[in-house]
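>>> What shape does this take:
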Amino acid sequence: MSTQPTTQRVSPFVELDRQTWSRLSHEIDVPLTAQEIENLRGLGDRLDVDEVREVYLPLSRLLTLYDMSSTQLNAATNSFLGEHHARTPFVIGIAGSVAAGKSTTARLLREMLSRWPSTPNVQLVTTDGFLHPNAELRRRGLMDRKGFPESYDRRALLRFVAEIKSGAAEVRAPKYSHVTYDILPDEEVVVTRPDVVIVEGLNVLAPAKLESGNRTALALSDFFDFSIYVDARTADIERWYVERFQALRSSAFADPHSYFHRYANLTDTEARDVATDIWHRINEPNLEQNVRPTRGRARLILSKDHDHKIRRVLLRKN
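Residues are numbered from 1 along each chain as shown. Alright, predicted model coming up:
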């Protein structure tokens with residue numbers, strides 16, 4: 001009989017099933033109506049009142065606790081220094097694959113956090129605005145790698161978030177159009193003295209990249225106070241992506257100004273074939289090579305099942 005102790009799997013995360021996690025929202029009312037939730041739901045997502053109550057309500061409460069702790073830490077630091085420095089915005093990063101539902105998560109948390117008295121001013125920025133313009137991507141031969149790390153103006157994105165965390169009164173970012181699939185040259189997103197900023201994008205949790213000649217490097221996540229990764233199995237995300245692509249034929253693709261208007265009249269079979277090809281050439285390699293490897297860097301992971309419902313929540317212990 002072996003006398004060796006049983007080895008238990010050690011993880012930096014506390015793993016909670018949905019039922020256990022949902023108990024953390026005890027006696028807190030959902031601040032959104034069913035219609036508001038419907039308006040926030042992305043195409044293909046299965047978001048409903050139950051999921052908001054059982055998953056996102058306790059998450060919004062947890063985020064307000066982290067925000068309040070940040071305020072207390074700022075006060076303690078000011079006391080230690082004998083100076084007064086205003087607390088900078090609380091920054092949340094949200095990452096995950098194309099079609100995983102991270103944009104819906106970001107929009108929902110923006111609305112829910114803004115209902116808490118301590119964080120009335122919550123602003124959302126997506127990293128799409130920091131993609132290089134299509135003309136530049138074509139020049140670099142990167143149009144088929146749009147969404148990969150090299151397709152972004154990383155320095156501009158780092159500078160943008162650094163200015164937010166420095167407490168700048170106003171910070172501006174380029175604006176992106178999903179209709180034209182390009183940067184809008186004459187429009188900007190303006191962030192003005194928020195309590196909370198949510199930064200949503202594929203690669204927001206990527207580690208620092210040390211460039212030639214530099215001895216130090218910063219990662220975007222170095223400026224985050226909290227981070228979330230929206231996770232699901234690759235096969236499920238592929239199916240959601242294909243279903244969404246097919247549904248877009250009668251909505252966004254139908255716009256004559258849409259970059260994807262050429263796909264509006266595809267048959268079901270043709271649309272499935274085109275979407276599957278795009279997924280396997282672009283989105284899946286990006287997910288496997290760049291996006292999913294950053295999952296373990298998140299503070300919290302929302303794990304989805306085949307039906308788009310969140311089944312587990314993993315929260316980092318420290």
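>>> quick one: the helices in the stretch 51-200 of the chain?
Ranges of helices within the stretch 51-200 of the chain are 57-81, 102-113, 134-140, 154-165, based on DSSP state H, counting those that start in this stretch.
>>> now the first one, how far from the centre of its chain.
What it means is helix 57-81. Remark: helix 57-81 is offset 21 Å from the chain centroid, using Cα atoms, centre = their mean, to the nearest Å.
>>> Likewise for the last one?
Relative to the centre of its chain, helix 154-165 is centred 16 Å away, using Cα atoms, centre = their mean.
>>> which parts of it are buried?
Under the neighbour-count criterion of 16 or more other Cβ atoms under 10 Å, helix 154-165 has 154, 157-158, 160-161, 163-165 buried. All C-beta atoms are positioned from the backbone trio N, CA, C, and that covers glycine.
>>> Strands of this protein, residue ranges please.
Assigned by DSSP state E, the strands in the chain fall at 13-17, 90-96, 122-126, 170-177, 182-192, 196-200, 226-231, 300-304, 310-316.
>>> Give me the sheet partners of the fourth one and which way each runs.
When pairs are called by DSSP bridges, strand 170-177 turns out to pair with strand 182-192 (antiparallel).
>>> ok, residues contacting the partner strand?
With contacts defined as Cβ atoms under 8 Å, 6 or more residues apart in numbering, strand 182-192 is touched by 123, 125, 129, 131, 133-134, 164, 169-177, 197, 259.
>>> Show me which of those residues are buried.
Among the contacts of strand 182-192, those buried by neighbour count (16+ other Cβ under 10 Å) are 123, 125, 129, 131, 134, 164, 171, 173-176, 197, 259.
>>> With pLDDT and distance to residue 304 as new columns, can those residues be given to me in a markdown table?
Shown next, in a markdown table, are these (pLDDT from 0 to 100; distance: Cβ to Cβ, whole Å):
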| residue | pLDDT | distance to residue 304 |
| --- | --- | --- |
| 123 | 96 | 26 |
| 125 | 96 | 24 |
| 129 | 96 | 26 |
| 131 | 97 | 25 |
| 134 | 97 | 31 |
| 164 | 96 | 29 |
| 171 | 96 | 32 |
| 173 | 94 | 29 |
| 174 | 95 | 30 |
| 175 | 96 | 29 |
| 176 | 96 | 25 |
| 197 | 97 | 25 |
| 259 | 93 | 28 |
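>>> hmm, which two among these are most spread apart?
Largest separation among the buried ones among the contacts of strand 182-192 by Cβ to Cβ: 164 and 259, giving 29.6 Å.
>>> Grab the most central residue of this protein for me.
Nearest residue to the geometric centre of the chain (Cα atoms, centre = their mean): residue 94, 2.6 Å.
>>> can I assume that one is in contact with residue 102?
Yes: applying Cβ atoms under 8 Å as the test, residue 94 and residue 102 come out as touching, 5.2 Å apart.
>>> which residues do the two both contact?
Taking Cβ under 8 Å, 6+ apart as the criterion, residue 94 and residue 102 both touch 200, 230.
>>> Residue 304 and residue 220: what is the separation?
24 Å (Cβ to Cβ, to the nearest Å).
>>> who has more neighbours, these two?
Between residue 304 and residue 220, residue 220 has the larger neighbour count (other Cβ atoms under 10 Å), namely 27 against 22.
>>> The more buried one reaches residue 206, doesn't it?
Yes: here residue 220 lies in contact with residue 206, judged by Cβ under 8 Å, at a distance of 7.0 Å.
>>> and residue 150, what pLDDT?
If you check residue 150, the pLDDT there is 96.
>>> okay but it is in contact with residue 142, surely?
Yes: between residue 150 and residue 142 there is a contact at 6.4 Å, judged by Cβ under 8 Å.
>>> So between those two, which is more surrounded?
More crowded of residue 150 and residue 142, by other Cβ under 10 Å: residue 142, with 17 against 13.
>>> Now do the closest residue in space to residue 249 that isn't next to it in sequence against residue 255, distance only.
Spatial nearest neighbour of residue 249, chain neighbours left out: residue 264 (5.2 Å); criterion: Cβ to Cβ, 6 or more residues apart in numbering. Residue 264 sits 8 Å away from residue 255, taking Cβ to Cβ as the criterion.
>>> Need the residues touching each of these two.
The overlap between the contact sets of residue 264 and residue 255 (Cβ under 8 Å, 6+ apart) is empty.
>>> out of the two, which sits in the more crowded spot?
residue 264 (17 against 13).
>>> show me the contacts for that one.
Counting by Cβ under 8 Å, 6+ apart, residue 264 touches 249-250, 253-254, 258.
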